[in-house]
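Q: how does the following fold in three dimensions:
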Amino acid sequence: MKVFLDANILVSVLNKEFPLFNHTARILSLAGQSHFHFYTSPICLAIAFYFASKKVSESKAKEKIFLLCKHVSIADADQRGVEKALSNKKINDLEDGFEYYAAERVDCSVILTENKEDFYFSEIEVLNSSEFIANKI
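A: Reported below is the predicted structural model:
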């Protein structure tokens, strides 16, 4: 199963934000199993880096992102995806549109986010971390 990780999932893991961390860390621990393949985008990594660097130093935040990238693949936000996001009249927040089309490009079957309402336009299944644990593990 290919799962796209939204920035808020990454932030919760990098910053150990409780109580969400209990779910998100458990989910990311599945990265080594062949049944799950996790993706994120450069935009999500940049957002996660920003919030991690506010909690720890920039160098420590880079180390955390580097470690994370060993377990998560990067879904590119290419020109076609950007154009789709810009032309989709249902999408109000371009960041979410870019993330959505990055997930679509690599055939993710789930978008994992704590802000499900951000992906109201999604044709890909959208779950929060507790729903993912209950329904997919």
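Q: count the residues that sit near N8.
A: Residues near N8, counting by other Cβ atoms under 10 Å, number 21. Glycine gets a C-beta too; all of them are placed from N, C-alpha and C.
Q: show me the contacts for it.
A: T113, E114, N115 (Cβ atoms under 8 Å, 6 or more residues apart in numbering).
Q: among those residues, which one has the most neighbours?
A: Counting neighbours by other Cβ under 10 Å, the top entry in the contacts of N8 is T113, with 24 neighbours.
Q: could you dump the contacts of N8 to CSV with pLDDT and distance to I137?
A: Below are those laid out as CSV (pLDDT from 0 to 100; distance: Cβ to Cβ, whole Å):
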residue, pLDDT, distance to I137
T113, 98, 17
E114, 98, 17
N115, 96, 21
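Q: the residue nearest to K2 when sequence neighbours are not counted in helix, strand or coil?
A: Leaving aside its chain neighbours, K2 sits nearest to C108 (4.4 Å; criterion: Cβ to Cβ, 6 or more residues apart in numbering). Per DSSP: H, G, I helix; E, B strand; the rest coil, the secondary structure class of C108 is coil.
Q: what about C108, distance to E63?
A: Separation of C108 from E63 (Cβ to Cβ, to the nearest Å): 27 Å.
Q: could you do L86 as well?
A: In terms of Cβ to Cβ, L86 sits 35 Å off from E63.
Q: show me where the protein has its strands.
A: 2-5, 37-40, 73-74, 110-112, 125-127 (DSSP state E).
Q: format those as a markdown table; extra columns: mean pLDDT, mean neighbour count and distance to L20.
A: Formatted as a markdown table, the strands of the chain follow (pLDDT from 0 to 100; neighbours: other Cβ atoms under 10 Å; distance: least, Cβ to Cβ, whole Å):
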| stretch | mean pLDDT | mean neighbour count | distance to L20 |
| --- | --- | --- | --- |
| strand 2-5 | 98 | 25 | 13 |
| strand 37-40 | 98 | 21 | 16 |
| strand 73-74 | 97 | 14 | 22 |
| strand 110-112 | 98 | 24 | 12 |
| strand 125-127 | 98 | 19 | 14 |
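Q: columns distance to A46 on top of the ones you listed, output as TSV?
A: Listed next are the strands of the chain as TSV, based on distance: least, Cβ to Cβ, whole Å:
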stretch	distance to A46
strand 2-5	14
strand 37-40	10
strand 73-74	12
strand 110-112	18
strand 125-127	21
